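A.B. asks: Got a predicted structure here, sequence first:
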Amino acid sequence: MTLCKYANFGRYNYLAFIRPNILYNTTVLGPGEGTLYLKLVKSIAINFTYHFIIDNPSTIVVNYNVNFSLSSPRGWVKNLPGPAGGSLKLYGNDDSFTFNLTLNLGDIFSLIKRIEDETGAYASTYTLTLTPTIHVLASNDVVGFVESSFTPTLTIIIKYGGGEGSVISIDGLNHQKSDSVTRSNVIVHEDVKYKLYGFYALLGLSLAGLAPSIYFNFFRAGESKKDVWKDLLKPLEDYLVKVKSFSEGGSVVFELGNLEDLRKIAEGIGKPILMKSESDFVRIFRVIDGDVIYEYRLEVKEKEET
């Protein structure tokens, strides 16, 4: 049974501005409207639109950055200035953003020539690659957390000579990635949780899938509480910040079922995990994102002597 469906959509569009000509009798070409000859094209205006859609109302956090580069089959890659990255957050069934980029072909040709003159590495084709890396974290009451990554890449190939002449080709205009969470995923998750329960604290491998406020035993006589906590918290060491107290505030509090979900949220929105020691046996973990607080409580108890 499908509990939740979600999808990423990325669409590029472009307008190529060309010199006055007798071939097309126009100075603007869009997708499918004609071959882009190098001698005609002056600049290309590129637009990208992204949509994330989920069928359950969710708190949606989107983080993205954009890489833009020029490369040669001779092996070199030159990173170029591109659109700035960003972050979005809302509650609902969809989220979206857009960015624009204008390519001045004269500047690109000049850069290619300078690198060719510097390196002596000449080629008949060069590739411009525009790659947004998009990370989505959505949370709702039906499935908990949904995490999705999406990299819709636009490829622009500059080709000198050949059967078609010197031309520009643009590929990768439309992208889609769909997925779902099914009941079988949850059943397997619960089964794995209980099978692995006895191993997590002993081995310190992971804290994924543990129920709230689960009690752990100290395993060896004389083993310090400090050592036990060190093993339990090892998977979080890249995100963890110890605090003496939490400030008041936050209009919405989500009590999470495991630390792995908290780690995913911290990674997704770029926030630290704050840890407060309530006692030798209790730790409170929080990720704070504006008015929203994500919280998890972990408690251990000392094994009684027999």
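C.D. replies: Thanks, I have it. Because the structure is predicted, anything quoted here is derived from the model rather than measured.

A.B. asks: Using the record's domain definitions, break this structure down for me.
C.D. replies: Domain assignment for the chain by automatic domain parsing gives 2-182, 204-299.

A.B. asks: Nearest residue to Asn104 in space, ignoring adjacent ones along the chain?
C.D. replies: Distances taken as Cβ to Cβ, 6 or more residues apart in numbering place Ser43 nearest to Asn104, at 5.2 Å, with adjacent residues excluded. For every residue, glycine as well, the C-beta is placed using N, CA and C.

A.B. asks: who does that neighbour bridge with?
C.D. replies: Legend: beta-bridge partners of Ser43 under DSSP bridges are Phe17, Asn104.

A.B. asks: before we move on, the earlier item: may I see the domains of the chain arranged in CSV, with mean pLDDT and mean neighbour count as well?
C.D. replies: Listed next are those as CSV, based on pLDDT from 0 to 100; neighbours: other Cβ atoms under 10 Å:
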stretch, mean pLDDT, mean neighbour count
domain 2-182, 92, 16
domain 204-299, 69, 16
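
A.B. asks: circling back: the residue nearest to Asn104 against Asp107, yeah?
C.D. replies: No. Applying Cβ atoms under 8 Å, one finds Ser43 not in contact with Asp107, separated by 9.2 Å.

A.B. asks: helix or strand right after the host helix or strand of Phe48?
C.D. replies: Taking DSSP states H and E as the criterion, Phe48 maps to strand 41-71. As assigned by DSSP H and E, the chain's next helix or strand after strand 41-71 is strand 77-79.

A.B. asks: Centre of the chain to that following strand, how far?
C.D. replies: The chain centre lies 22 Å from the centre of strand 77-79; the measure is Cα atoms, centre = their mean, to the nearest Å.

A.B. asks: again, but for stretch 254-263
C.D. replies: With Cα atoms, centre = their mean, you get 19 Å for stretch 254-263.

A.B. asks: What's the end-to-end length of that stretch?
C.D. replies: From its first residue to its last, stretch 254-263 covers 14 Å (Cα to Cα, to the nearest Å).

A.B. asks: what about Asp107, distance to Ile54?
C.D. replies: 40 Å (Cβ to Cβ, to the nearest Å).

A.B. asks: Quick one: the helices in the chain, in order.
C.D. replies: 105-119, 183-203, 225-233, 259-269 (DSSP state H).

A.B. asks: Render the CA-only coordinates of stretch 74-89 in CSV, please.
C.D. replies: Extracted as CSV, the C-alpha positions of stretch 74-89 are listed here (Å, rounded to 0.1, in the frame of the first residue of the first chain):
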residue,chain,number,x,y,z
ARG,A,74,41.5,17.2,-23.5
GLY,A,75,40.9,16.9,-19.8
TRP,A,76,40.7,20.4,-18.4
VAL,A,77,37.6,21.9,-16.5
LYS,A,78,37.1,25.6,-15.8
ASN,A,79,34.5,26.6,-13.2
LEU,A,80,32.5,29.6,-14.2
PRO,A,81,30.3,32.1,-12.3
GLY,A,82,26.8,30.9,-12.2
PRO,A,83,23.5,31.4,-10.4
ALA,A,84,23.6,31.6,-6.6
GLY,A,85,22.2,28.8,-4.4
GLY,A,86,19.4,29.2,-2.0
SER,A,87,17.1,27.7,0.6
LEU,A,88,13.3,27.5,0.8
LYS,A,89,10.8,26.4,3.5
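
A.B. asks: Give me the distance between it and the centre of its chain.
C.D. replies: Distance of stretch 74-89 from its chain centroid, counting by Cα atoms, centre = their mean, is 14 Å.

A.B. asks: Same check on stretch 117-129?
C.D. replies: The chain centroid and the centroid of stretch 117-129 are separated by 31 Å under Cα atoms, centre = their mean.

A.B. asks: and the gap between the nearest residue to His175 once chain neighbours are set aside and Leu101?
C.D. replies: Nearest residue to His175, sequence neighbours excluded (Cβ to Cβ, 6+ apart): Pro152, at 3.6 Å. According to Cβ to Cβ, Pro152 stands 14 Å off from Leu101.

A.B. asks: Right, I'll leave it there.
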